[in-house]
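1. quick one, what's the 3D model for this:
(2 chains)
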There are 2 protein chains.
Amino acid sequence: MKNDGITIAVLTVGDELINGEMADTNTAAIARALGARGYFLRESLTVGDAETDIAEALRNLSERRDVVIVTGGLGPTTDDLTARAAALAFGRPLVRNEEALALIRDHFRSRGRQMSAGDEKQALLPGEATILSNPVGTAPGFLLNHGGRDLFFLPGVPLEMAAMLEASVLPLLLSRGGGVAGGERVLKIFGISEPKVEEILTPSLPEGVRLAFGVDFPLVHAKLRASGEGAGTLLDKAELEAKKVLGDAVVACGKETLAENVVRLFIAAGRTLSLAESCTGGLIAKLLTDVPGSSVFFERGAVTYANSAKRDWLGVSDSILQEKGAVSEECALAMAGGMRDAAGTDLALAVTGIAGPGGGTEEKPVGTVYLALAAPEGTVARRFQFSGTRERVRLIAAHAGLDWLRRHLATGGNQKGQD
Amino acid sequence: MKNDGITIAVLTVGDELINGEMADTNTAAIARALGARGYFLRESLTVGDAETDIAEALRNLSERRDVVIVTGGLGPTTDDLTARAAALAFGRPLVRNEEALALIRDHFRSRGRQMSAGDEKQALLPGEATILSNPVGTAPGFLLNHGGRDLFFLPGVPLEMAAMLEASVLPLLLSRGGGVAGGERVLKIFGISEPKVEEILTPSLPEGVRLAFGVDFPLVHAKLRASGEGAGTLLDKAELEAKKVLGDAVVACGKETLAENVVRLFIAAGRTLSLAESCTGGLIAKLLTDVPGSSVFFERGAVTYANSAKRDWLGVSDSILQEKGAVSEECALAMAGGMRDAAGTDLALAVTGIAGPGGGTEEKPVGTVYLALAAPEGTVARRFQFSGTRERVRLIAAHAGLDWLRRHLATGGNQKGQD
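-> Reported below is the predicted structural model:
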């Protein structure tokens, strides 16, 4: 962990972050981006739009840390005070930076917009600032070196912050570290708890690869991290090993989501899909149609809350609904089969269950969910017992459905029994 | 703003918060809870599970702020170091607190579980700690008074933290403030931008009421805040005035969401609903069925991506699909009318549009969305032009649909024309 030597702090600035208007997402985004390269944050501080508070925080952090990444307070309005506070903190004059002014002018000119006095104010920076261009917004960032410490100043708008972090801060950090880069591989896992994933993965990790976790319920994100020369090769090896020991539980990798993976597999296989959802109420359709291009394979979905809908659209018989109930293996099978017939798609997925909080019985408690998949090879149903709030049961059920589609497509639809 | 005199800081502790594994949500939750009572955070600091870092932060914050709320690092594992760090910071012995131990024992006994050595460690606290009971988990919190400053120590698990903040911290803060409480009213607004809401609301606010904002895209949350005696009456008045000037744009109040409001209105009116969604792909159905009890009025929904689905289920004619296209006023009207006939519901809402990123034309660019509402009084369609990413267009379109249902029900379905 060669980068452990550099201590890095984040300072986020903005009244909205401490008065309950908005949650600070920049710290977590910076921590993730640094972590992915083998760097780690030492601390993070948030203060409001008060010049003396910002200046005090800057002095304090720059005395104790090698690198300080500051976000917020660079904009055109009167409560944007970070540049003034930095000048105050380090005893520098506040001067009009011609390079910054030219960048701001270019930004407005290229968009055919008029500059205001406030916009010009964004070029008033502490002396000896190195300009960091802002590819997304108007306020340029800047870098101050004070007492051997690097202080990066970025806008607070998350999109602008993230773009400048990638374009300016990380490359500079890497170059100062003598080119000692780090890397990260993310495996998204469904159906195995975090402690269990740790137990399975730890023995398989090559030396020099660390394991970290992230949560995106109901998925567990396992992050393989390495730094130093050869990190890429080491991580390739670690990822291969991890996929081997985790097997089918890895539902997506890197930035791809499970839904994106399913969409990609459908398009590649040239197959079509329809959905019959009861307890998930459109959530599976929503997750798939979040992905651009899903219309290529997704023909239609039915949210069949009332029994009449199951009867009219899916042909579920009254005898099933009355004798077995809407939450039953028989109903799930009939929904999937009926949906496939109605839509004429290659596959049809059906889900029916009890999301709660009400509606549970001793035999079928809240969290009981039946999924069924109708395919050319036949129709299969599975019973699941999930637990948690209504929101969680619906999320797990939807992911279980997407994961079933993924497994089916990944094996070419040749699975038997458990599918 | 009587509470401005007390300076409050938050310290959140945990490696997971600075290594990119997890975003800190406690700071924002505390800031919101404080803000709702007329208190404001002055700063927030995050450090990892390092004893000296925690101790340094505690000393530093307690020198500068009246109240410090600390979360995290109270659990049973070896990296839970906050109590030790507090003892170190304030030169107090670390002693076994019998009251804390009894609470922990009770917790385990009442659940029939066995205590481990680590669990007992949670009772090792700095001397002269006042115990704060934890109604949700095992780790008790505690309060230290050091140099006239109050330091509250709470667990890092958001659910436990929030419960103890409400049960212990806020009442103590209020009582120390001499019973000077504050309050907050939240109005959720759709279709008006934040600057415009501010412009409309500001002249209507009674003296002593402050305005703050929160974002829950595509809604704007306007927060009316007051503190001191009589805050409740003042806020009642302010809320009434605000609703008067904002009129129909207020789609929900307080903790209620727009979807919950719509569900409540449907159940109260005894009416039923069906949905025909194209570009929103199940999102409206998902939002409504997120709410427990939605099955009472929501009969069914169709996600009709393919034209065949619009034809089979909704009876949209080939001539409309071929001559006007699937994204047209005629198609939206036919979808809503056909859906209402198919489902036999009182109301049917249809949405068809171009969510992007592809599929736009000069005549119908990305963001073109038609909504239609079929009711006993007739069927009405409206064209909207939204902008933004696919995700944003879908969210705005879904909210526009829910809002139309809300307005329709709120006026008893007697609107004409624009409905």
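2. show me the shaky parts of chain A.
-> Across chain A, the ranges flagged by pLDDT under 70 are A:1-4, A:177-181, A:413-419.
3. same thing but 80
-> Filtered on pLDDT under 80, chain A yields the residue ranges A:1-5, A:38, A:77, A:111, A:116-118, A:176-182, A:215, A:228, A:412-419.
4. longest helix in it, by number of residues?
-> When chain A is parsed with DSSP state H, its longest helix is helix A:390-410.
5. list the buried residues in that helix.
-> A:390, A:392-409 (16 or more other Cβ atoms under 10 Å in any protein chain shown). Heads up, the C-betas are built off the backbone N, CA and C, glycines and all.
6. what count of nearby residues applies to A:Gly91?
-> 9 (other Cβ atoms under 10 Å in any protein chain shown).
7. the helices in the stretch 251-400 of chain A, which residues?
-> Taking DSSP state H, counting those that start in this stretch as the criterion, the stretch 251-400 of chain A carries its helices at A:258-269, A:283-289, A:307-314, A:318-319, A:329-343, A:390-410.
8. how about the residues of the stretch 101-250 of chain A by chain B?
-> Applying Cβ under 8 Å from any Cβ of the partner chain, one finds that the stretch 101-250 of chain A approaches chain B through A:212-215, A:223.
9. and those residues as TSV, adding secondary structure, neighbour count and distance to A:Leu45?
-> Converted to TSV, those look like this (DSSP: H, G, I helix; E, B strand; the rest coil; neighbours: other Cβ atoms under 10 Å in any protein chain shown; distance: Cβ to Cβ, whole Å):
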residue	secondary structure	neighbour count	distance to A:Leu45
A:Ala212	strand	21	23
A:Phe213	strand	17	25
A:Gly214	strand	21	23
A:Val215	strand	13	24
A:Lys223	strand	19	25
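10. show me where the stretch 101-250 of chain A has helices.
-> In the stretch 101-250 of chain A, the helices defined using DSSP H, counting those that start in this stretch lie at A:117-121, A:158-164, A:170-176, A:194-201, A:231-246.
11. parallel or antiparallel, which strands does the helix or strand harbouring A:Ala9 pair with?
-> For A:Ala9, the host element (DSSP states H and E) is strand A:8-13. Strand A:8-13 pairs in its sheet with strand A:41-47 (parallel), strand A:67-71 (parallel), by DSSP bridges.
12. toward the C-terminus, what is the element adjacent to the first one?
-> Scanning forward in sequence from strand A:41-47, with DSSP H and E defining helices and strands, the next element found is helix A:51-64.
13. buried stuff in stretch A:84-103?
-> By neighbour count on 16+ other Cβ under 10 Å, the buried set for stretch A:84-103 is A:84-90, A:92, A:97, A:100-101, A:103.
14. please list the residues of the stretch 301-419 of chain A that sit near chain B.
-> A:301-306, A:308-309, A:312-313, A:342-344, A:356-358, A:390-391, A:394.
15. just the buried ones among those, please.
-> A:301-306, A:308-309, A:312-313, A:342-343, A:356, A:390, A:394.
16. check contacts around the residue of chain A positioned farthest from its centre.
-> Using Cα atoms, centre = their mean, the residue of chain A lying farthest from its centre is A:Ser319. It sits 44.7 Å away. Listed by Cβ atoms under 8 Å, 6 or more residues apart in numbering or on different chains, the contact set of A:Ser319 is empty.
17. so how far does stretch A:115-128 reach from one end to the other?
-> 25 Å (Cα to Cα, to the nearest Å).
18. contacting residues around it?
-> With contact meaning Cβ under 8 Å, 6+ apart, stretch A:115-128 is reached by A:74-78, A:80, A:83-84, A:86-87, A:90, A:92-98, A:100-101, A:104-105, A:108, A:138-140, A:142, A:144-145.
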